[in-house]
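Engineer: Provide a 3D model corresponding to the input given below.
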Amino acid sequence: MDADQPVTSVSRRGFLAAGGAAASAMAMSAKSYAAVLGANDRIRIGFIGVGGMGGGHVRACLGLKESNNLEFGGVADCWKTRAEEAAAKLGTRAYTDYGDVLDNKDIDYVTIATPEHQHSKMTIAAMDAGKAVYCEKPMTHSIPQAQAVIKKQKETKLPIQVGVQGMSDDSYSSAAQAIEEGVIGQVVQAQIEYVRRYDTQGPWRKRPSVEGRPQPDDLNWKEWLGDAPKTDWNAHHYFEWRNYSQYSGGICTDLFIHRITRIMKACKLLYPRRVVGMGGIWQWDDGRDLPDNFEMICEYPRGMTVYVLGTMSNRVKIDHLIRGYRGTLYFTGDGWVAKDKDGKILAQHKKTGAEDIKLHHTNLQNHLRNGEELKCPTELGLAGVVAVNMANESWRTNQMMGWDRENEKMVPAHTLDQSQRPEATA
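Structural biologist: Sure, this is the predicted structure:
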């Protein structure tokens, strides 16, 4: 695919209206699924990638098996031992080729929990095989890949749930309604963080257990690499892939995607106008090519900025909040509270749901059964991919990135004639 050619268009109007025609198409698809699920309403799930996060999906779906009437139709992992261990837990068959799972006509949806660089290829292959998808975040490794997923989804009308599990917490949709009703006035800024503190080694390192570890005899390294640059077996790349740009966007795509998606949901944001990413390999210069400390600022056309802090060297947090002219909305452990400049409570919300993988799977299952609206559809997934990729590109190239709306791609911001005033919100 030519990365310079736009392959999809998602309008902000459509996004604000819960997906517009796309949402209707997904509902129709869900109805068709409901018609073929069978009299017992059972949903059959296949699993692609059952390592760290993939193992979490296995455990979650096992916990939902009886209550949600689930059945399991195969496990694929390029490491045979890992596939067999997960398959034994699920009571199903193990494969090393994910195509064997997709060939199972009885499977309703597949869970994809592999390194980021494989997401788009596997998601598109699943849709080609007629499967709905639960794809871990970020939806894809790059913006053109996300656009290709959207294009394929429009063709197949198959549902995709993006694994930003925080969207199963209703705090953000509730905040969106309050902001829309003018509770805090005109919104101008938001801030959020994802901070950690690592001790003797940096983020996502597993030394000394990884150092010099040979390739397992039953691990298909070529399959794991997929379309990434070809390289000899490297235990650090396999076990610590989040540190390398061939497979991941690091802090931005693995952690920030959880945070910025919350603000996008609450403020009904789509693509940023301009983005800056700042940080560096400041503490753990250990061969990684992605920053160990990072922050980003996104400017959105509605006339607001979003700041995201991501130090991996200090876990002191900042408040998660949205600033408006009339007041400030603070996210709390049990929902949110909006206060004016004097501390008077303007409104508050006690959340239902949570950042929970079981709830996120249940939402997709309910969508397939009865058309329940997806908590994190592809439109939101694409918006997140755009923001974090623009931040990483800004960091890599030492320049502010802008979004070229006409050609639907990121470019250096100085090449665009961009307004300094709020733009139409619909």
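
Engineer: Would you agree Glu393 is in contact with Met401?
Structural biologist: Yes: between Glu393 and Met401 there is a contact under C-beta atoms under 8 Å: 5.3 Å. The way it works is simple: take the backbone N, C-alpha and C, and place the C-beta from them, glycine included.

Engineer: Toward the C-terminus, what is the element adjacent to whichever strand or helix holds Met127?
Structural biologist: Taking DSSP states H and E as the definition, Met127 sits inside helix 119-128. Proceeding N to C from helix 119-128, the next assigned helix or strand is strand 132-136, under DSSP H and E.

Engineer: ok, and what's touching that next one?
Structural biologist: 29, 33, 53, 57, 108-114, 119, 122-123, 126-127, 158-163, 360-361, 364, 368, 381 (C-beta atoms under 8 Å, 6 or more residues apart in numbering).

Engineer: hang on, the earlier thing: residues bridging contact with Glu393 and Met401, i.e. touching both?
Structural biologist: Met410.

Engineer: Backbone torsions only: list them for Gly130.
Structural biologist: Phi and psi for Gly130, reported as degrees, to the nearest 10, are phi 80, psi 20.

Engineer: Tell me where the stretch 301-426 of the chain has helices.
Structural biologist: Applying DSSP state H, counting those that start in this stretch to the stretch 301-426 of the chain gives helices spanning 357-370, 378-397.

Engineer: Serialize those helices to TSV and add fields for mean pLDDT and distance to Glu406.
Structural biologist: Output for the helices of the stretch 301-426 of the chain, formatted as TSV (pLDDT from 0 to 100; distance: least, C-beta to C-beta, whole Å):
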stretch	mean pLDDT	distance to Glu406
helix 357-370	98	33
helix 378-397	98	15
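
Engineer: any idea of the mean pLDDT for stretch 213-233?
Structural biologist: Across stretch 213-233, pLDDT averages out at 97.

Engineer: Buried residues, it. List them.
Structural biologist: 219, 221, 224-225, 228 (16 or more other C-beta atoms under 10 Å).

Engineer: Over to stretch 278-293?
Structural biologist: By neighbour count with 16+ other C-beta under 10 Å, stretch 278-293 contains the buried residues 279, 281, 283-284, 288, 290-293.

Engineer: Need the contact partners of that stretch.
Structural biologist: So stretch 278-293 is contacted by 198, 201-203, 205, 236, 242-245, 248-251, 294-296, 310-313, 392, 394-395 (C-beta under 8 Å, 6+ apart).

Engineer: Now it: average pLDDT?
Structural biologist: 96.

Engineer: Mind checking which of Glu393 and Met401 has more residues around it?
Structural biologist: Met401 (26 against 19; other C-beta atoms under 10 Å).

Engineer: For the residue nearest to the more buried one when sequence neighbours are not counted, list the residues it contacts.
Structural biologist: Nearest-residue entry for Met401: Met390, 4.3 Å, with adjacent residues in sequence omitted and distances by C-beta to C-beta, 6 or more residues apart in numbering. Neighbouring residues of Met390 by C-beta under 8 Å, 6+ apart: 272, 275, 277, 298, 401, 403, 410.

Engineer: which among the residues you listed gets closest to Arg326?
Structural biologist: Cys298 (22.7 Å; C-beta to C-beta).

Engineer: Please give me every residue in contact with that closest one.
Structural biologist: 260, 272, 274-275, 305-306, 308, 387, 390-391.

Engineer: hang on, it in a strand?
Structural biologist: Yes: counting by DSSP: H, G, I helix; E, B strand; the rest coil, Cys298 is located in a strand.

Engineer: The helix or strand where Ile192 lies pairs with which strands, parallel or anti?
Structural biologist: Element membership for Ile192 (DSSP H and E) is strand 187-193. Sheet pairing here is set by DSSP bridges, and for strand 187-193 it gives strand 304-311 (parallel), strand 321-324 (antiparallel).

Engineer: Past it, which element shows up next along the chain?
Structural biologist: helix 221-225.

Engineer: I'd like the distance from the helix or strand following that following helix to the chain centre, please.
Structural biologist: Downstream of helix 221-225, the next assigned helix or strand under DSSP H and E is helix 235-239. Offset of helix 235-239 from its chain centre (C-alpha atoms, centre = their mean, to the nearest Å): 22 Å.

Engineer: Now do the helix or strand just after helix 235-239 against strand 187-193: the angle between them, please.
Structural biologist: Per DSSP H and E, helix 235-239 leads on to helix 257-267 as the next helix or strand towards the C-terminus. Angle of helix 257-267 versus strand 187-193, following axes from the mean of the first three to the mean of the last three C-alpha atoms, to 10 degrees, is 160 degrees.

Engineer: Show me what helix 257-267 packs onto, helices and strands only.
Structural biologist: helix 171-180, strand 187-193, strand 293-300, strand 304-311, strand 321-324, helix 378-397 (3 or more C-beta pairs under 8 Å, 6 or more residues apart in numbering; DSSP states H and E).
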